[in-house]
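Undergrad: Need the 3D shape of this:
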Amino acid sequence: MMKMFLFEWKKILKKKTTWLLLILSLAATIGIYFFHLSLANNVENKVINQYDFLINLYSQDAEDSRLAKEKAIKEEDEDLIEEMTADEEYYRASSEKYQSFKESYQSGEWEVLYQEELSKLEYIAYPPPGEDASGVTEGGGEITNFTQRATYEERKYMLDHKVDPFIQNSIYTMYLRTAYEDFDGRTLELWKEETTRYGKQGMYYIYQLIQSLYVPIIILLGCFIFGNTLSSETTKKSHGIRFHQVLPLSQTKLFVTKYLTGYVGILLFIMVMIGVPLLLGTIMHGFGHLDYPVLVYDGPNSEATALNPMEDTFHFISLQEYLTKTLWFTLVMSLLIYSLYYLVSQFSKEPIFNTIIIGILCFVGMLINYPYNPFSYLDIDKVISHEIQLQTWNTDITYITGIMITLVIGLIFTIGNYIRFRSRIN
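TA: The predicted model follows:
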């Protein structure tokens, strides 16, 4: 069986289209990283420009106060002298403060900035009894207490664990965007601009790729490249399957060999498509922190009829735990998509058409949120963070349920593939 397996791999690796698609996929992945990096650098420059603007503004105000004080001294206006002296001291202190923040930002001394954020957030996130403190976005929208609390606890966690942040377009509070905000129009645009985060480090970038449905996309692309071990031998130009039929081979071994060859190829492709951007990010900007906190919504209690930003709770898991869960999900998800693709390919011999069909099926399936619908779990980030539970108001959609349902359905499709294969051979 091992000889058959190696023989199948030789056939795949001999195809020029396989290498062409691999090269194009890697080039696209690398290109996306550098595009992301350029966006991150632009945001960094904006932040530094914001610091420079405030430093210059307060410096100019301090100079204006000094000149006004000198004039007041000549006029012997004691009240104005006292007022301008206080103003000058305030403006110079503010200018020096933002100069210090700018230097901390550029040198990566995040503890200084975390402390500043926490001192501002604590009162708003946990106001004294009977008081109503709230934060406002740049567009004028009111930020929920849930987001205030989540941001405060995230910063506190990062300070305690000495974790570097993502890059964000703000010099004040780098808010964590949560599912509790309900902005629209210009306010929503400004909120997204303020809360969109960019990770240069290897692990941080992979985390962001997972949030953007990168995993199911590369699985589908892997199916297109490696998932045609059977259909490619039943075309008008190639009748390779007939060669196997005249040999004294077990049909079961033949199916398992061809099926596993494609599945192993997809898994290796996933490893490469994740490993390359991880390696690139690590070489250029470091590995990142596996202790980085990932928000998980606890959701409302069973008696609630709506989200309660003041009382709903949450917790954080480490990025390491998040990535471990993603790994298990990737394994079962790849089995599901591959087995479905393989089944379709036994009826259709056009890889492009098959890929489009499975892509449409996955997209439509994601719109139907149901605990026993395996496609409801394709957005791994929302499953792990429990955001999908908030969106659907269904606490039965869980990580464990997703793993089990996806695995079972994937195995059922695998059995269906074997039955279809036997019927074709016979």
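Undergrad: right, and the helix or strand after the helix ranked longest in the chain?
TA: The longest helix of the chain (DSSP state H) is helix 16-75. Moving toward the C-terminus from helix 16-75, the next helix or strand (DSSP states H and E) is helix 78-107.
Undergrad: can you list the residues that contact the helix or strand that that next one is followed by?
TA: For helix 78-107, the succeeding helix or strand toward the C-terminus, using DSSP H and E, is helix 110-125. Contact partners of helix 110-125, identified using C-beta atoms under 8 Å, 6 or more residues apart in numbering, comprise 100-101, 104-105, 133-135, 145, 148-149, 151-153, 155-156, 158-159, 162, 164-165, 172-174. For the C-beta atoms, the positions are set from N, CA and C on the backbone; glycine is no exception.
Undergrad: CA atoms of helix 110-125 as PDB?
TA: The C-alpha coordinates for helix 110-125 follow below in PDB (Å, rounded to 0.1, in the frame of the first residue of the first chain):
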ATOM      1  CA  TRP A 110       4.100  49.300  26.400                       C
ATOM      2  CA  GLU A 111       3.800  49.200  30.200                       C
ATOM      3  CA  VAL A 112       3.900  53.000  30.300                       C
ATOM      4  CA  LEU A 113       1.000  53.300  27.800                       C
ATOM      5  CA  TYR A 114      -0.900  50.400  29.500                       C
ATOM      6  CA  GLN A 115      -0.800  52.300  32.800                       C
ATOM      7  CA  GLU A 116      -2.100  55.400  31.200                       C
ATOM      8  CA  GLU A 117      -5.000  53.600  29.500                       C
ATOM      9  CA  LEU A 118      -5.900  51.800  32.700                       C
ATOM     10  CA  SER A 119      -6.000  55.000  34.700                       C
ATOM     11  CA  LYS A 120      -8.500  56.500  32.200                       C
ATOM     12  CA  LEU A 121     -10.600  53.300  31.800                       C
ATOM     13  CA  GLU A 122     -11.100  52.200  35.400                       C
ATOM     14  CA  TYR A 123     -13.600  54.800  36.300                       C
ATOM     15  CA  ILE A 124     -15.600  54.300  33.100                       C
ATOM     16  CA  ALA A 125     -15.500  50.500  33.100                       C
END
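Undergrad: Tell me which helix or strand comes right after the helix or strand of the chain with the lowest mean pLDDT.
TA: Least confident helix or strand, the chain: helix 240-245 with a mean of 50, by mean pLDDT, DSSP states H and E. Downstream of helix 240-245, the next assigned helix or strand under DSSP H and E is helix 251-285.
Undergrad: Tell me which residues of that next one come out buried.
TA: By neighbour count on 16 or more other C-beta atoms under 10 Å, the buried set for helix 251-285 is 254-255, 257-259, 261-263, 265-267, 269-270, 273-274, 277-278, 280-281, 285.
Undergrad: Also stretch 292-300?
TA: Tyr292, Pro293, Val294, Leu295, Val296, Tyr297, Gly299, Pro300.
Undergrad: Spatially nearest residue to the third one, not counting backbone neighbours?
TA: What it means is Val294. Nearest non-adjacent residue to Val294, counting by C-beta to C-beta, 6 or more residues apart in numbering: Tyr322, 4.6 Å away.
Undergrad: Tell me, how many residues neighbour the closest residue to Thr401 other than its chain neighbours?
TA: Distances taken as C-beta to C-beta, 6+ apart place Pro371 nearest to Thr401, at 5.7 Å, with adjacent residues excluded. Using other C-beta atoms under 10 Å, Pro371 has 15 neighbouring residues.
Undergrad: so what's Pro371 up against?
TA: Asn394, Asp396, Ile397, Thr401, Ile405.
Undergrad: Please repeat the previous calculation with a cut-off of 7 Å.
TA: Neighbouring residues of Pro371 by C-beta atoms under 7 Å, 6 or more residues apart in numbering: Asn394, Asp396, Ile397, Thr401.
Undergrad: same deal with Gly299?
TA: Taking C-beta under 7 Å, 6+ apart as the test, what Gly299 contacts is Asp312, His386, Gln389, Leu390, Thr395.
Undergrad: will you turn the residues you listed into CSV that also has neighbour count and secondary structure?
TA: Below are the contacts of Gly299 laid out as CSV (neighbours: other C-beta atoms under 10 Å; DSSP: H, G, I helix; E, B strand; the rest coil):
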residue, neighbour count, secondary structure
Asp312, 20, coil
His386, 21, coil
Gln389, 21, helix
Leu390, 19, helix
Thr395, 13, coil
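Undergrad: out of these, who's nearest Leu26?
TA: Of all those, the one with the least separation from Leu26 (C-beta to C-beta) is His386, at 33.9 Å.
Undergrad: pretty sure the closest one contacts Leu295?
TA: No - if you go by C-beta atoms under 7 Å, His386 and Leu295 don't touch, sitting 9.2 Å apart.
Undergrad: sorry, back to before: take the contacts of Gly299 and lay them out in JSON lines including distance to Ser345 and pLDDT.
TA: Formatted as JSON lines, those follow (distance: C-beta to C-beta, whole Å; pLDDT from 0 to 100):
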{"residue": "Asp312", "distance to Ser345": "46", "pLDDT": "91"}
{"residue": "His386", "distance to Ser345": "35", "pLDDT": "95"}
{"residue": "Gln389", "distance to Ser345": "35", "pLDDT": "90"}
{"residue": "Leu390", "distance to Ser345": "37", "pLDDT": "90"}
{"residue": "Thr395", "distance to Ser345": "37", "pLDDT": "87"}
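Undergrad: nearest to Ile357, of the residues you listed?
TA: For the contacts of Gly299, the nearest to Ile357 is Gln389 (29.8 Å; C-beta to C-beta).
Undergrad: what residues are up against the closest one?
TA: Tyr297, Gly299, Thr395, Ile397.
Undergrad: what about the nearest residue to Gln99 once chain neighbours are set aside, distance to Trp110?
TA: Leaving aside its sequence neighbours, Gln99 sits nearest to Ile55 (C-beta to C-beta, 6+ apart; 5.3 Å). Noted for Ile55: a distance of 20 Å to Trp110, by C-beta to C-beta, to the nearest Å.
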